[in-house]
Each structure stands twice: as C-alpha cells, then as structure tokens.
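Participant: just coords:
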C-alpha cells in the first residue's frame, strides 16, 4: 500500500501521485487556485466536535485517535475505494496541521492500511 502523508503547504511533486486533502476546513493562507489537488474528501475528516476537543487540549492524542477510528469505522464502505486505489497507485493524504505526527491524516493512513489488509 502506497500512502504518503504531506502538509498541504509543501510543494507538489510527481512522486505524490494522487493528492487528496483530508481536512474538513480549507487550509488558511492557501488559495484554491494554487492548491494542487486531485480531490478534497472533507467528509472523512474528524467531526468538528472531535477536532475542536483535540485542538483545545481537552482530549489526549490517544483519546482522539480512538474516537476518530470510531468515526472512520462508520465510513468503512465509502473508504474502501480509497484503500483499493492505494493498493495499485500512490496516494498522498494532505493535511494542514503543523504537527506532522499527531493529526487526522496519520490516523486515516493507519485505517486505510487496516482496510487494505481485509
């Protein structure tokens, strides 16, 4: 499975393959005209409530991760085509968060790997 993670503010590269923004909100300071995207899947982003709880520090990374995995399980069938695509081609999940190790794209990548092994 070829799923890469990248901040949307980084330059697009041919190795990125299919570039998919996975945030619910459009990234600040980036024009839609200058964004190099193949798709914007805002429906797979964490719910507004979960995202806000995590950003405020009301819940830990582990709590966020568990809750978001629960939300992703409800989207299992709609995410299966994305997992299938990642088996045959490179996809890059794009996110705006400055923390590259603790964000929704990290959890989504893990979930897609689980779906890909089904």
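Facilitator: Yep, that arrived. Not measured: the values here are computed from a predicted model.

Participant: looking at this protein, which residue lies furthest from center?
Facilitator: Largest separation from the mean C-alpha position in the chain: residue 58, at 21.3 Å (C-alpha atoms, centre = their mean).

Participant: Helices of this structure, start to end?
Facilitator: Here the chain has its helices, by DSSP state H, at 48-56, 61-74, 76-88, 104-116.

Participant: The second one relative to helix 76-88, how many degrees between them?
Facilitator: Interaxial angle, helix 61-74 versus helix 76-88 (axes from the mean of the first three to the mean of the last three C-alpha atoms, to 10 degrees): 100 degrees.

Participant: Any chance of a markdown table for the helices of the chain, columns distance to residue 27?
Facilitator: From N, CA and C alone the C-beta is placed, and that goes for glycine too. Output for the helices of the chain, formatted as a markdown table (distance: least, C-beta to C-beta, whole Å):
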| stretch | distance to residue 27 |
| --- | --- |
| helix 48-56 | 14 |
| helix 61-74 | 19 |
| helix 76-88 | 20 |
| helix 104-116 | 12 |
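
Participant: Figure out which of those is closest to residue 32.
Facilitator: Shortest distance between residue 32 and the helices of the chain, using C-beta to C-beta, is found for helix 104-116: 19.2 Å.

Participant: Go through the closest one and flag the buried ones.
Facilitator: Across helix 104-116, burial judged by 16 or more other C-beta atoms under 10 Å covers 104-109, 111-112, 115-116.

Participant: what's in contact with stretch 58-75?
Facilitator: 43-44, 46-47, 50, 53-54, 79, 102, 104, 107-108, 110-111 (C-beta atoms under 8 Å, 6 or more residues apart in numbering).

Participant: Of those residues, which pair is most distant in space?
Facilitator: Longest span within the contacts of stretch 58-75, C-beta to C-beta: 53 and 79, 22.4 Å.
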